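*Asks:* got a structure for you, letters missing:
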């Protein structure tokens with residue numbers, strides 16, 4: 001039997017919206033380790049943020065904390081400060 005090829009992410013695309021949409025469609029949840037890398041903090045810092053309710057929203061799936069990509073995006077937008085940019 002021939003398997004259907006998986007939909008591939010636009011690897012060379014510089015379009016963040018396209019990459020985010022692909023992530024939402026294929027696997028919207030990221031592990032704490034993936035999120036720490038994605039937002040540029042250590043895993044320990046992310047844990048502290050989770051415990052103090054200052055980090056992105058997360059969910060406990062079994063024994064694993066996971067973060068939905070939409071929650072990361074919303075949290076990131078809420079962290080915007082100054083600059084006067086539109």
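*Replies:* The structure has been received and is ready for your questions. All of these numbers come straight from a predicted model, not from anything done at the bench.

*Asks:* Let me know the next secondary structure element after the strand ranked longest in the chain.
*Replies:* Identified as the longest strand of the chain according to DSSP state E is strand 64-68. Scanning forward in sequence from strand 64-68 by DSSP states H and E, the next helix or strand is helix 69-78.

*Asks:* Okay, strands next: where are they in the chain?
*Replies:* Under DSSP E, the chain gives strands at 29-31, 59-61, 64-68.

*Asks:* pLDDT weak spots in the chain?
*Replies:* 1-14, 84-86 (pLDDT under 70).

*Asks:* quick one: the residue nearest the centre of the chain and residue 23, what's the gap?
*Replies:* For the chain, the residue nearest the mean C-alpha position is residue 69 (3.9 Å; C-alpha atoms, centre = their mean). Using C-beta to C-beta, to the nearest Å, residue 69 is found at 5 Å from residue 23. Backbone N, C-alpha and C define where each C-beta goes, glycine included.

*Asks:* Just confirm residue 46 contacts residue 35, I think it does.
*Replies:* Yes. Using C-beta atoms under 8 Å, residue 46 makes contact with residue 35 at a distance of 6.2 Å.
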